Structure formats: C-alpha cells, structure tokens
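>>> What follows is a predicted protein model with its sequence.
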Amino acid sequence: MWIVPPSWTPYLYLLVLLGIVVARYRQGPDGEDPHRFRILRTVTSILLGALGLWAAMLNEAAFSGRNLPSTRTAVDLVFPLRAGTYLVANGGSTSTVNSHFLTWQPSTDRQRDYHGQSFGVDLVKLNRWGASARGWRPFRPTAYEIFGASVHAPCSEEVLQVRNDMPDMRVPFLDETALEGNHVVLKCAEAIVILAHMRRGSVIASEGAIVEESDLLGEAGNSG
C-alpha cells in the first residue's frame, strides 16, 4: 500500500519509468537481432503485452471506483477531520480501490459481519514530507500523524451507539473481537454512519444525544 512509503512515491516511480523510456528511445534501434534471440524477444513481447492488458483492466476498475453505483443514493456529509492533508487509503465503489467493498457481496463470515461497511473510507494524515508517520512503519500508534486528530460530526443527527473502552493497538496488530474499535454511530439522512478506530477514552458523545454538524465527537486513534 502507498501509505507505507511517502504519498509521492507513485509519481517518482512514473518519473523514473518515463526517464527509462526516453533514454531507450534516444538510444535508437539495436539493429538486426541474432537468430537465437528472436524467439526470446517474441515471448517477452507476448508476456509484456499480457501484463499491459492486465494493468489496463486494473486501471479501468480503479477509475470505475470513483462512480456511485446506480442502485445507491449519495448522502452529503461534512468531512469529519480538520486542518491538514489527508490521503484516502481505501475508498470507492470497487474492491480494486476499496477493500471494504469486498463486503458488498460477502463470501466469508467476517465479510458478512461487516456488510454495512461496504462504502467505508480509510483516511491517513500526511506530514509535510508526504509521510503518514515518523519513521518506517513504527509500532507506536502515537508516531502516526493522524493519532489524536479531532473527529467531528459529519451531520446533525442522533447518536445511535458509542464505544470508548478499547485499547489503541500497536501497529500492525488488530483486535479481531471488534475490528471497528472505539466508535460513534450516527444516523445521517438515509445512511448509518460509523466513525471508527477512535482513541481510547476520547469519545465525548453519548447514546441518544443529538449532535450538530461539526460538533466534536472524540479523537482518532488505532483501536480495533
């Protein structure tokens, strides 16, 4: 995933690739290949063509993930986080760009348990260098830029459920008993919205309360 190296790594990769192509073009043709290399050249070309076709199919699925499925209605929400630069690590309407979407047509018990999160979005906060943490995938959740960021209500509605007692996990470990961790559940128009993985003890919302749009709910953490 691109959240481990800095967010600009894919652009660096494309720049290097472009440089290789330009350098190869300027070098010019090799001339006539020896006969013993022609078969190898042909096989290599076929394999690279198949790889290119597969990459094109992945790109089409990725771009399709930006479209709302025809069977769903969009719900307008206010962005729940505040100042800073954030990266969508998972988000969209295809499993190519959003692993949550595997629950749309669940094939395992775990996917069935979390069917409601098919349109979930995972967000990470980036520092000025484009990295999500201080160091290379540190174990301490406090080393991550998003840890402790204020989380605000994306709509004005009733709080349906809260949890606030789960510990913040060391990276990359999970709590399989409740993957959503500490959370706040709101009813926003026709949708049920869950803000998950909040910091232990930070949730200030209470069940049954009516919150206003942008009200503080708690802080981002690494529970669940």
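Thanks, I have it.
>>> The chain: helices as residue ranges?
Using DSSP state H, the helices found in the chain span residues 9-27, 35-64, 109-113.
>>> Tabulate those helices (JSON lines), appending mean pLDDT and distance to R199.
For every residue, glycine as well, the C-beta is placed using N, CA and C. Compiled in JSON lines, the helices of the chain are given as follows (pLDDT from 0 to 100; distance: least, C-beta to C-beta, whole Å):
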{"stretch": "helix 9-27", "mean pLDDT": "87", "distance to R199": "28"}
{"stretch": "helix 35-64", "mean pLDDT": "86", "distance to R199": "32"}
{"stretch": "helix 109-113", "mean pLDDT": "87", "distance to R199": "24"}
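>>> Please convert the ones you listed to TSV, extending it with mean neighbour count and distance to L77.
Formatted as TSV, these follow (neighbours: other C-beta atoms under 10 Å; distance: least, C-beta to C-beta, whole Å):
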stretch	mean neighbour count	distance to L77
helix 9-27	10	27
helix 35-64	11	22
helix 109-113	11	24
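>>> Among those, which comes closest to G84?
G84 lies closest, by C-beta to C-beta, to one member of the helices of the chain: helix 9-27, at 19.5 Å.
>>> Hmm, E60 and T94 touching each other?
No: counting by C-beta atoms under 8 Å, T94 does not reach E60; the two are 9.6 Å apart.
>>> JSON lines for the helices of the chain, including distance to L174?
Shown next, in JSON lines, are those (distance: least, C-beta to C-beta, whole Å):
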{"stretch": "helix 9-27", "distance to L174": "25"}
{"stretch": "helix 35-64", "distance to L174": "26"}
{"stretch": "helix 109-113", "distance to L174": "11"}
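>>> which one of these lies closest to R82?
Short answer: helix 9-27, nearest of the helices of the chain by C-beta to C-beta, at 26.0 Å.
>>> Packing partners of the closest one?
Helix 9-27 sits against no helix or strand, with contacts defined as 3 or more C-beta pairs under 8 Å, 6 or more residues apart in numbering; DSSP states H and E.
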